[in-house]
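Novice: have a look; sequence and predicted model below, questions after that.
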Amino acid sequence: MQQPQGYVHPSKPHYVCKLLKSLYGLKQAPRAWFERFTSQLLHLGFVASLADSSLFVYQSGSTILYLLLYVDDIIITGNAPNQITCLISALSATFDLKDLGPLNYFLGIQITPTKYGLTLSQTKYASDVLHRFNMHNSKTKTPCCPATRLTPDFGMPLSDPSTYRSMVGALQYLTFTRPDLAFSVHQLCQFMQFPTSTHLEAAKRVLRYVRGTLSHGIYFSRGPFTLTAFTDADWAGDPFDRKSTTGFMVFLGSNPISWSSKKQSTVSRSFTEAEYRALATTAAELSWLHQLFRDLLLFLHHVPVLWCDNVSALALASNPVFHARTKHVEVDYHFIRERVLRKDLAISFVSGKDNLADIFTKPLPGPLFLLFRDKLMPRSFPIRLRGDDNNRKTEHHLQLKEEDG
């Protein structure tokens, strides 16, 4: 610990400070804790993932273990229950652990394994949010009004924006298991600095929609190990700055695993350019997922397929000739051409009415929104039977106990 600048002892400038204890809240505390824990994992034979710094993989012969770390919460799974028990014992010898047993609740996400698959939902968290803002007795069919899009000058400025910011922050955490909320929450997040009464009413509309869909979430089932993605863009859809919105949805088999709704950083001059940028963004996500699967020692046997509803963007991504009308497009967006030429990615056309990514780019009419939502998420989950506890996977949920000092 070096002496801080401005407080160096005049007669003892080469002395250092003695660290008595590490305090919570300091910038170096999380880094020091992470280094301490990861060094122990590396000592036990784990390898850190290149795609995700919180993921660690252990392989010895046919034994494979996965460990996912989030601050002091740990998930351990693998194909050898005895090795998992030995790992927990080895970690307990160095750290004060609390074994919470089979995984059923993690960071506000409820995990329900059954013999049919695995469900992820945030019903309890959503109920707590509704009670916090006194919105537990109302509901609506869609999370955003399909007639208009929000702008900064709608409504009267709020005298106390803290309620709006807290509400939107809570909704943002719900999008981890609710892709149907991605676009509406993305819209609300753009007005965190100067929210108005109209923005607050829009946030309450999302809460009313959550009230009517509390049981919704993500359902995972076994299926083919293939990557499929849908991408779309709403050209100049923002009425204030005329920037386009990129939306994509990635499926592993029939299971949604990644989605996004985000405004593009620059204004696109044409619909083709907006769609091309969306293609590149989705291709980057597929590249990251491909690397993540490699770190998990899982390998795709088929080329990922990227579906898009714009023929011109597909031609631009497949054609190695640099068109004069795309000179202004940044070079980094053209990496998708290289991936297509190397056969790392296949792009195909899908009709606009069948493009699931459309739900992430614009407010949709009620019937169309419900149609896309039901394709992404089941209306209700399979009923869990009494004997399903014996069919649970070997996930273990650990929690590190806090020590004084």
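Specialist: Arrived safely.
Novice: residue 234: what's it in contact with?
Specialist: 244, 245, 247, 274, 361, 362 (CB atoms under 8 Å, 6 or more residues apart in numbering). For every residue, glycine as well, the C-beta is placed using N, CA and C.
Novice: the fifth one - how many residues pack around it?
Specialist: By the criterion of other CB atoms under 10 Å, residue 361 has 26 neighbours.
Novice: hmm, back to that, if you rank the contacts of residue 234 by neighbours, which is first?
Specialist: Across those, the neighbour count under other CB under 10 Å reaches its highest value at residue 247, namely 28 neighbours.
Novice: okay, residue 102 and residue 70: tell me how far apart.
Specialist: Counting by CB to CB, to the nearest Å, the separation of residue 102 from residue 70 is 18 Å.
Novice: of those two, who's got more company?
Specialist: For residue 102 versus residue 70, the count of surrounding residues by other CB under 10 Å is larger for residue 102: 13 against 10.
Novice: now for residue 352: which residues touch it?
Specialist: Contacts here follow CB under 8 Å, 6+ apart; on that basis residue 352 touches 309, 358.
Novice: and it, how far from residue 361?
Specialist: In this structure, residue 352 lies at 11 Å from residue 361, with CB to CB as the measure.
Novice: do residue 343 as well
Specialist: Following CB to CB, the distance that separates residue 343 from residue 361 is 28 Å.
Novice: what's the answer for residue 118, then?
Specialist: To residue 361, residue 118 is 29 Å away according to CB to CB.
Novice: and what of residue 183?
Specialist: 7 Å.
Novice: need the residues touching each of these two.
Specialist: Applying CB under 8 Å, 6+ apart, one finds that residue 183 and residue 361 are jointly contacted by 245, 247, 261.
Novice: which of the contacts of residue 234 fall within helices?
Specialist: Among these, DSSP state H puts residue 274 in helices.
Novice: quick one: which of the contacts of residue 234 is nearest residue 64?
Specialist: Nearest to residue 64 among those: residue 247, at 34.4 Å, using CB to CB.
Novice: burial measure for the closest residue to that closest one other than its chain neighbours, as a count.
Specialist: Distance criterion CB to CB, 6 or more residues apart in numbering; nearest residue to residue 247, sequence neighbours excluded, is residue 360 at 2.6 Å. Residue 360 has 27 neighbouring residues, counting by other CB under 10 Å.
Novice: how far does stretch 44-51 stretch from start to finish?
Specialist: Using CA to CA, to the nearest Å, the end-to-end distance of stretch 44-51 comes to 21 Å.
Novice: let me fix that: stretch 315-335
Specialist: Using CA to CA, the span of stretch 315-335 from its first residue to its last is 14 Å.
Novice: any idea which helix or strand carries residue 199?
Specialist: helix 197-212 (DSSP states H and E).
Novice: other SSEs contacting that helix?
Specialist: In terms of contacts (3 or more CB pairs under 8 Å, 6 or more residues apart in numbering; DSSP states H and E), helix 197-212 is packed against helix 123-132, helix 162-174, helix 182-189.
Novice: average pLDDT for the longest one, rounded please.
Specialist: The predicted model assigns helix 162-174 a mean pLDDT of 92.
Novice: how far does stretch 316-333 stretch from one end to the other?
Specialist: Stretch 316-333 has an end-to-end distance of 11 Å (CA to CA).
Novice: what of stretch 107-116?
Specialist: Separation of the first and last residues of stretch 107-116 by CA to CA is 24 Å.
Novice: which residues of the stretch 201-350 of the chain fall in strands?
Specialist: Counting by DSSP state E, counting those that start in this stretch, the stretch 201-350 of the chain forms strands over residues 217-220, 227-234, 245-252, 255-263, 305-308, 346-349, given from the N-terminal end onward.
Novice: what about stretch 9-26, how long is it end to end?
Specialist: With CA to CA, one end of stretch 9-26 sits 23 Å from the other.
Novice: do the same with stretch 259-278
Specialist: Per CA to CA, the first residue of stretch 259-278 is 12 Å away from its last.
Novice: now that stretch: mean pLDDT?
Specialist: Rounded mean pLDDT across stretch 259-278 is 87.
Novice: stretch 84-101 too?
Specialist: Looking at stretch 84-101 alone, the average pLDDT works out to 88.
Novice: next one: stretch 299-311
Specialist: In the prediction, stretch 299-311 has an average pLDDT of 90.
Novice: buried residues in that stretch?
Specialist: Judged by neighbour count using 16 or more other CB atoms under 10 Å, the buried positions of stretch 299-311 are 304, 305, 306, 307, 308, 309, 310.
Novice: quick revisit: just curious, which of the shared contacts of residue 183 and residue 361 is nearest to residue 10?
Specialist: The shortest separation between residue 10 and any of these is 57.2 Å, and it belongs to residue 261 (by CB to CB).
Novice: quickly list the domain ranges of the protein.
Specialist: For the chain, the domain assignment from automatic domain parsing gives the residue ranges 1-106+391-405, 120-212, 223-350.
Novice: now the last one, how far from the chain's geometric center?
Specialist: When you say that, I think you mean domain 223-350. 17 Å (CA atoms, centre = their mean, to the nearest Å).
Novice: span of that domain from start to end?
Specialist: 22 Å.
Novice: show me what contacts the spatially most central residue of the chain?
Specialist: Nearest to the mean C-alpha position of the chain, by CA atoms, centre = their mean, lies residue 176 at 5.6 Å. Taking CB under 8 Å, 6+ apart as the definition of contact, the neighbours of residue 176 are 109, 122.
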